[in-house]
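# give me a 3D structure for the following:
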Amino acid sequence: MSGASDQLGFDALLQATDTENRARKFERETVHLPSSLEEALPFFRILLRSHHAAMLAGNVDETMRLRKEARRLARRLNGSDPGILAGPDAPGCALDREAAAVAGSVPLWGQSGEFLVELSGMKVRVEIEGVFGIASGVSFWPGFAAHAVNLDRPFLSETGYRSFLGIHADPQPDLLPDEFVRKAIAGYVRSGLKGRLVSIAPRYRAQTAA
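Sure thing, here's the model as predicted:
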């Protein structure tokens, strides 16, 4: 029995050592990054401007590198813990919120934001993801959510809502976020809806109005 206990103790020691080594490695790799939210916000805003420029240039490698740097920044603020989006006060959520675009204005690429677009005879309230978005680590184009503004008018779905995630399209230089959203929605209307918008179902009109 003592042999088994010794082995368990040795395994735990190895695990603790491995965890400590990974923490030291991460510290060395991120020593150039701010370690407080107060210092991180100006750094993050500069990073967003660089990310915006990389997106406008259609530079996939630089875009993804900057997103990785943003995640490393948030993780450093989180004491190397990867749970950077674990709640509203988690570093990734705090950075995203504090650097978000002003409501109603078109954000920089990498900022989260909310704005309106009009096309195909409908008004759409758009919520677009920033550098910490769901698919930001694997997809060049960010995800966004489309909400109906006029519930009594035809829309993209009978629920008055549609999510656009994992959009696979080649990079397009000089394309701004609102232009991207219009292109994505127009493409869905053409191919997904065969050019015909749908009425929002009464039960969803009532729920949304409430």
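
# state the distance from the spatially most central residue of the chain to Pro177.
Closest to where the C-alpha atoms of the chain average out (C-alpha atoms, centre = their mean) is Gly133, at 1.5 Å. According to C-beta to C-beta, to the nearest Å, Gly133 stands 12 Å off from Pro177. Bear in mind the C-beta positions are built from the backbone N, C-alpha and C, glycine included.

# what's the answer for Pro42, then?
Pro42 is 22 Å from Pro177, by C-beta to C-beta.

# before we move on, what about Gly143?
With C-beta to C-beta as the criterion, Gly143 and Pro177 are 12 Å apart.

# repeat that for Ile185.
13 Å.

# ranking helices and strands of the protein by mean pLDDT, which lands last?
helix 2-29 (a mean of 63; mean pLDDT, DSSP states H and E).

# who has more neighbours, Pro42 and Pro177?
Pro177 (24 against 11; other C-beta atoms under 10 Å).

# I figured that one hits Trp109, correct?
Yes. Here Pro177 reaches Trp109: they are 6.1 Å apart, a contact under C-beta atoms under 8 Å.

# which residues are common contacts for the two?
Pro142 (C-beta atoms under 8 Å, 6 or more residues apart in numbering).

# what packs against the next helix or strand after the least confident helix or strand of the chain?
For helix 2-29, the succeeding helix or strand toward the C-terminus, using DSSP states H and E, is helix 37-56. Judged by 3 or more C-beta pairs under 8 Å, 6 or more residues apart in numbering; DSSP states H and E, helix 37-56 is in contact with helix 60-77, helix 91-98.

# do you know how far Val138 is from Gly92?
Distance from Val138 to Gly92, by C-beta to C-beta: 17 Å.

# for Asp170, that is, sorry about that
28 Å.

# quick one, which of these two is more surrounded?
More crowded of Asp170 and Gly92, by other C-beta under 10 Å: Gly92, with 22 against 8.

# which ones are touching that one?
Arg71, Ala74, Asn78, Ile84, Leu85, Phe132.

# now Asn59
Pro171.

# how about a cut-off of 10 Å?
Ala53, Arg65, Leu66, Phe140, Pro171, Pro173 (C-beta atoms under 10 Å, 6 or more residues apart in numbering).

# ok, Asn150 next?
Gly121, Met122, Lys123, Val124, Gly160, Ile200.

# repeat the analysis, applying 7 Å as the threshold.
Asn150 sits next to Lys123 when contact means C-beta atoms under 7 Å, 6 or more residues apart in numbering.

# let's have the chain start at 773 instead
Let's use 773 as the start, then, which means that last one is Asn922.

# quick one: it and Met894, what's the gap?
7 Å.

# just to revisit the earlier point, right, and out of the contacts of Asn831, which lies closest to Glu801?
Closest to Glu801 out of the contacts of Asn831 is Arg837 (13.5 Å), distances taken as C-beta to C-beta.
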